[in-house]
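Participant: Predicted structure and sequence below. I'll ask about it afterward.
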Amino acid sequence: TDLGRAQSVSNTSESLLTAEKAAQEQLLLQIRQLESDNQALRSDLGFFERLIPGGGSDALSIRGLQVERVAEGQLKWQVLLIQALKNAPDFKGTLELSFVGTLDGKPWSLSPVPAAQTVLVKSYLRQEGVVDVPAQAVVKTVTAKILQGGVVKSVQTLKLCPVVWRTPCSATRNNPPSRA
């Protein structure tokens, strides 16, 4: 009987240990997922903090054009379109991206990429995508244009540093004055 009781206590302890181990593994998985979610949210927050509208009077502007190499021959782009005016009417237009650089030492471009996208901007709109480029292409500049009825409303050009793709060398913005 002492042996039976000891065996019972041992079995119970083993079951509790197994359940505790399973719960601990589940908690570790949840922690990893939460850390991943937290990192994604921090990245988004950083993106949006850099895009707080300036004091300009442009009705619509392109902010935060970003491009990074995600794989050989693939670039991920991201752009934020912002209506700077409060209670501005919805903006309906198109977004065009163009990539310029060299391929085998010769001038190369990919434009517009992807084919012009229709956009509807209420107060802001975040657009992103992945574009395929030749693996040997050296992309030097990326330009985003917003057009409405064939008229350019806003342009931003990003000059890419050849060594560090995540860091732009410079960005220029050309927002034509709106005509009321």
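Facilitator: Happy to help now that I have it.
Participant: pLDDT weak spots in this protein?
Facilitator: Along the chain, the model assigns pLDDT under 70 to residues 48-58, 113-115, 162-180.
Participant: Please enumerate the helices of this structure.
Facilitator: 2-49 (DSSP state H).
Participant: Tell me which residue is most central in it.
Facilitator: Geometric centre of the chain, nearest residue: residue 78, 4.5 Å, by Cα atoms, centre = their mean.
Participant: Tell me what it is bridged to.
Facilitator: Beta-bridge pairing for residue 78 (DSSP bridges): residue 66, residue 128.
Participant: Please renumber the chain so that the first residue is 33 from this point on.
Facilitator: Happy to do that; since the first residue is 33 now, the last one works out to residue 110.
Participant: from memory it sits against residue 163, does it?
Facilitator: No. Assessed by Cβ atoms under 8 Å, residue 110 is found out of contact with residue 163, at 11.6 Å. Every residue, glycine included, has its C-beta placed from N, CA and C.
Participant: buried ones in the longest strand along the chain?
Facilitator: Taking DSSP state E as the criterion, the chain has its longest strand at strand 138-153. Buried positions in strand 138-153, judged by neighbour count with 16 or more other Cβ atoms under 10 Å: 140, 142, 144, 145, 151, 153.
Participant: partners of that strand in the sheet?
Facilitator: strand 123-135 (antiparallel).
Participant: Only the buried residues of the partner strand, if you could.
Facilitator: For strand 123-135, a neighbour-count test (16+ other Cβ under 10 Å) marks 123, 125, 126, 127, 128, 129, 131, 132, 133, 135 as buried.
Participant: Need the CA coordinates for that strand. PDB is fine.
Facilitator: What follows is strand 123-135, C-alpha atoms only, in PDB (Å, rounded to 0.1, in the frame of the first residue of the first chain):
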ATOM      1  CA  PHE A 123      -9.300  63.200 -53.100                       C
ATOM      2  CA  LYS A 124      -9.700  60.900 -56.000                       C
ATOM      3  CA  GLY A 125      -6.700  60.400 -58.200                       C
ATOM      4  CA  THR A 126      -3.900  58.000 -59.200                       C
ATOM      5  CA  LEU A 127      -0.600  57.100 -57.700                       C
ATOM      6  CA  GLU A 128       2.300  56.400 -60.000                       C
ATOM      7  CA  LEU A 129       5.700  55.100 -59.000                       C
ATOM      8  CA  SER A 130       8.800  55.100 -61.100                       C
ATOM      9  CA  PHE A 131      12.200  53.500 -60.500                       C
ATOM     10  CA  VAL A 132      15.400  54.800 -62.200                       C
ATOM     11  CA  GLY A 133      18.900  53.500 -62.100                       C
ATOM     12  CA  THR A 134      21.300  51.500 -64.100                       C
ATOM     13  CA  LEU A 135      21.300  48.000 -65.500                       C
END
